[in-house]
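predicted model, plus sequence, below.
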Amino acid sequence: MFDNKETTNIQQLGEFGLIDHLTKNIKIKQPTTIKGVGDDAAVLDYAGKKILVSTDMLLEGIHFDLAYTPLKHLGYKAVQVNLSDIYAMNGTATQVTISLGLSSKFPLEAVEELYEGIYLACEKFDVDIVGGDTTASKQGLVISVTALGYADENDVVYRNTAEEGDLLCVSGDLGGAYTGLQLLEREKLVYLENPNIQPDLEGKDYIIERQLKPEARRDIIELLKSIDVKPTAMIDVSDGLASEILHICKQSNKGCNLYEEKIPLDPMTYETAREFNLDPTVCALSGGEDYELLFTVKQSDYEKIKFKMDFTIIGHITEASAGCNLITKSGTVHALKAQGWNAFTPPNA
């Protein structure tokens, strides 16, 4: 978790002293931020834009394990998973609020390390911290982030607007975060059995980073705008590719054909999955936490996107009666099923 011999007990600062300490260096960058931290509420002015709001909560022992998650990475990730939701609406993220539940095991230095990652993410994505809360927690570390943003009314993209014949696309590659998690869990067990054995993570940097330090895909939104392509529907891949496709199809009242051979897999993801006797395709379909963007576009936009290396066409939308199907590499057809993350399933179930 955090190892520092000289630590400061948060009780010495108190709640308001802690907030002042963590926010004293905030510099406002967004023109939409009129008033940030320091009053009863933030004041924002979006000048007629449609406001976008998304909230996520991360709980120790459920969403992250401090045995192998550096606090700086955790802070960075907590912001990223929320910004991803704003980009999935085809919007611009502008502000976040940060709320923490802290157990007595966390000294000030640990919270500072967490905030280093938070500040790094906000700096990289031009986002202002405009508020939040801190409280004591008996259940370990709790992180709640609310992201705000905006978009012109005509630019907002929803999940329920895919049309028959649309091309199904996804950014980046999939399954890396899940295989990275399997590797970290394995090394944790090895360490618990023998603390003298050092973790064997050599050559696995990419999938470890996919799990511990994901990147929200603002660049994909910017790319699509630069080539004058507006998705017909969009969602971020937080719970696994299959789950997200089914969300779009259900809410749009459509079916789909997804082609297994088209699903983008990084070689390291593929090799690591095989090492764990896992099907790489299943890792992509059900693993989750990739935070890539899944979206549909009109067939008439094919010429604009066909040579773009940042995303892959993986299938197409069909009429609802055709169902949601996975076409395997051998050509067989299976009903697409979601087996991804369920927040209310016990960790060992």
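On my side now, so go ahead. Numbering: from 1, shown residues only.

alpha carbons only for contacts and neighbour counts from here, please
Will do.

show me what the helix or strand containing Leu189 is packed against.
If you go by DSSP states H and E, Leu189 is part of helix 176-193. The contact analysis (3 or more Cα pairs under 8 Å, 6 or more residues apart in numbering; DSSP states H and E) places helix 176-193 against helix 205-212, helix 267-275, helix 280-286.

quick check, distance from the second one to the centre of its chain.
If I follow you right, that is helix 267-275. Per Cα atoms, centre = their mean, to the nearest Å, the displacement of helix 267-275 from the mean C-alpha position of its chain is 21 Å.

what of the last one?
From the chain centre to the centre of helix 280-286 is a distance of 17 Å (Cα atoms, centre = their mean).

need the residues that contact the next helix or strand after it.
Per DSSP H and E, helix 280-286 leads on to strand 293-297 as the next helix or strand towards the C-terminus. Outside strand 293-297, the residues that touch it by Cα atoms under 8 Å, 6 or more residues apart in numbering are 88, 162, 166-171, 217, 220, 229-237, 241, 244-245, 316.

now do stretch 202-215
Under the contact criterion Cα under 8 Å, 6+ apart, stretch 202-215 has outside partners 69, 73-74, 76-77, 80-81, 176-181, 183-184, 268-269, 289-291.

buried ones from those residues, can you make that a PyMOL selection?
The following PyMOL line selects those of those that are buried, judged by 16 or more other Cα atoms under 10 Å:
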select buried, resi 73+74+76+77+80+81+176+177+178+179+180+181+183+184+268+269+289+290+291
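
need the helices for the protein, in chain order.
14-23, 71-87, 108-124, 176-193, 205-212, 218-226, 241-252, 267-275, 280-286, 302-305 (DSSP state H).

can you say which of those is packed in most?
With neighbours defined as mean count of other Cα atoms under 10 Å, those peak in mean count at helix 71-87, which reaches a mean of 25.

for it, the distance to its chain's centre please.
Put simply, helix 71-87 sits 6 Å off its chain's centre (Cα atoms, centre = their mean).

mind giving me the packing neighbours of it?
strand 50-59, strand 92-102, helix 108-124, strand 142-151, helix 205-212, helix 218-226, strand 233-236.

which neighbouring elements make contact with the longest one?
In terms of contact count using 3+ Cα pairs under 8 Å, 6+ apart, helix 108-124 is assigned the packing partners helix 71-87.

contacts for the helix it packs on next, please.
Contacts of helix 71-87 (Cα under 8 Å, 6+ apart): 1-2, 52-56, 58, 92-93, 96, 110, 113-122, 143-149, 212-218, 221, 235-236, 291.

sorry, back to before: quick one: the helix holding Leu189 to helix 267-275, angle?
50 degrees (axes from the mean of the first three to the mean of the last three Cα atoms, to 10 degrees).
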